[in-house]
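Q: whatever this is, show me its structure:
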Amino acid sequence: MNDRIREQLLGYLLDALDDAERIDVEQQLEANPELRDELESLALTLEPLAETYEEFEPPARLAERTCSLIAACSSVTPVGKKLNPATRAEVRGRNRWSIADVVVMAGICLSGAMLFFPAISQSRYAARLQACQNNLRELGFALVDYSEKAGQGRFPEVPTEGNRAVAGIYAPVLIDAGYLTDETRIICPSSALAQREESWKMPSLEEIDQSSGRSLVRIQRSIGGSYGYNLGVVVNGHHRAPSNLGRTHFALMSDAPSLQLAGHRSTNHGGRGDNILYEDGHIRYVVESSPAGDDPFVNRLGWMEAGLDINDSVVAPSFTPPFVNNVSYVK
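A: Predicted coordinates for the structure are as follows:
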């Protein structure tokens, strides 16, 4: 793969392409599975960069000092007063820009940018965060409907073996059962998947069952969308889907946790925090690395596997199976 294509993929992930370039890349992604693999690899490579994100506050009294600077460097002619020809010639001579003038104007522009662009960025961040929470809320409604009607009091189960044995299986199960009609609800607008939403398609359960090899791995990585789902719990040595008990502390879904960032923080929102959906339907935006109480991303042994009892909730990204290391305690 040449450097130009890799640069296009990087620009696509960073939303730095114009409309024509973006459409061209999406068409290539749709036709080339290897290109899609490369895009996913680049996305994973960029995840650690989210750890370095910092917000910067503008310097104190920046706006006040900027206005004072403008006033000191401005010469305003009173309204209605006309300049005689000699005065106009003198003014024209003074209107030639000096290096000092350029420096002053550059400082003004920079000061304005420091005030303007962070505000725009923060507004966009807040809007996407709210849209993500709305998605999780709708998914919560679908999960509750499933538990009350099809699940006999339990949420969708993540099997322990087979092609469906990954956390993301919740989404095609809800769609197949008719409890989720809008598959775009599983895509967070701040996630990498949102950048290629037009070329992404939710596979059916039948397609998942018939897939193998790299095709199956690719499906398992994306069927859960931008979100993580609960891996279930171990009860009396048996793996079970979590029961719908309406608990306020039991994490059911969240922004897809990362395997690279500290505290398994998601990359959906620049590594700044995670939206977590709890069993009773409320959503909490968590910004600390280690939330108080039950850690929603690992069980009591510290593994991203199924919980060790009915109150040990573990939410994992789409491709994660219920057990990797500690299957010995399950009958």
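
Q: give the contact list for the closest residue to residue 282 other than its chain neighbours.
A: With CB to CB, 6 or more residues apart in numbering as the criterion, residue 282 has its nearest non-adjacent residue at 6.9 Å, and that residue is residue 248. Bear in mind the C-beta positions are built from the backbone N, C-alpha and C, glycine included. With contact taken as CB atoms under 8 Å, 6 or more residues apart in numbering, residue 248 is in contact with 278-280, 282.

Q: now tabulate these in a markdown table and tack on secondary structure and distance to residue 220.
A: Formatted as a markdown table, these follow (DSSP: H, G, I helix; E, B strand; the rest coil; distance: CB to CB, whole Å):
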| residue | secondary structure | distance to residue 220 |
| --- | --- | --- |
| 278 | strand | 26 |
| 279 | coil | 25 |
| 280 | coil | 29 |
| 282 | coil | 29 |
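
Q: domains for this protein, by residue range?
A: As recorded under automatic domain parsing, the domains making up the chain are 3-46, 121-329.

Q: which of the contacts of residue 248 lies closest to residue 317?
A: Minimum distance to residue 317 across those is 18.4 Å, recorded for residue 278 (CB to CB).

Q: any idea how many residues pack against the closest one?
A: 20 (other CB atoms under 10 Å).

Q: wait, isn't it in contact with residue 246?
A: No - here residue 278 lies out of contact with residue 246, judged by CB atoms under 8 Å, at a distance of 9.5 Å.

Q: just name the shakiest helix or strand of the chain by mean pLDDT.
A: Within the chain, no helix or strand scores below helix 85-94, which has a mean of 52 by mean pLDDT, DSSP states H and E.

Q: A helix includes residue 20, no?
A: Yes - membership of residue 20 in a helix is supported by DSSP: H, G, I helix; E, B strand; the rest coil.

Q: any figure for the gap between it and residue 8?
A: 12 Å (CB to CB, to the nearest Å).

Q: one more: residue 201?
A: 22 Å.

Q: just to revisit the earlier point, which one of residue 20 and residue 8 is surrounded by more residues?
A: Neighbours per residue (other CB under 10 Å) separate residue 20 from residue 8, with residue 8 holding more: 20 against 8.

Q: just the strands in the chain please.
A: For the chain, applying DSSP state E gives strands covering 227-230, 233-235, 238-240, 251-255, 274-278, 283-286, 315-316.

Q: out of these, which is closest to residue 298?
A: Using CB to CB, the nearest of these to residue 298 is strand 315-316, at 9.2 Å.

Q: how many other residues sit next to residue 167?
A: 29.

Q: hang on, it packs against residue 157?
A: No - look at residue 167 against residue 157 with CB under 8 Å: they stay out of range, at 11.1 Å.

Q: one step back: which among the contacts of residue 248 end up buried?
A: Neighbour-count burial (16 or more other CB atoms under 10 Å) is assigned, among these, to 278-279.

Q: how close does the nearest residue to residue 173 once chain neighbours are set aside sit to residue 23?
A: Distance criterion CB to CB, 6+ apart; nearest residue to residue 173, sequence neighbours excluded, is residue 156 at 4.5 Å. Distance of residue 156 to residue 23, given as CB to CB: 35 Å.

Q: do residue 125 as well
A: 26 Å.

Q: the two: who's more crowded?
A: Counted by other CB under 10 Å, residue 125 and residue 23 do not tie: residue 125 has more neighbours, with 15 against 12.

Q: contacting residues for that one?
A: 190, 269-270.

Q: next, count neighbours for the residue nearest to residue 11 when sequence neighbours are not counted.
A: Closest residue to residue 11 apart from its sequence neighbours, by CB to CB, 6+ apart: residue 17 at 4.7 Å. By other CB under 10 Å, 19 other residues sit near residue 17.

Q: and what of the one 4 residues further on?
A: When neighbours are counted by other CB under 10 Å, residue 21 registers 13.

Q: give the contact list for it.
A: Residue 21 makes contacts with 8, 11, as judged by CB under 8 Å, 6+ apart.

Q: do I have it right that the residue nearest to residue 173 meets residue 176?
A: No - using CB under 8 Å, residue 156 is not in contact with residue 176, being 10.1 Å away.

Q: looking at the two, which is more packed in?
A: Taking neighbours as other CB under 10 Å, residue 156 and residue 176 compare with residue 156 leading, 23 against 12.

Q: relative to residue 269, how far out is the more buried one?
A: Taking CB to CB, one finds residue 156 at 25 Å from residue 269.

Q: residue 316 too?
A: 18 Å.

Q: ok, those two, which is more surrounded?
A: Neighbours were counted for residue 316 and for residue 269 using other CB under 10 Å; residue 316 has more, 28 against 22.

Q: surely that one meets residue 304?
A: Yes - in terms of CB under 8 Å, residue 316 counts as a neighbour of residue 304; the distance is 5.2 Å.

Q: identify the contacts common to the two.
A: 231, 257, 297.
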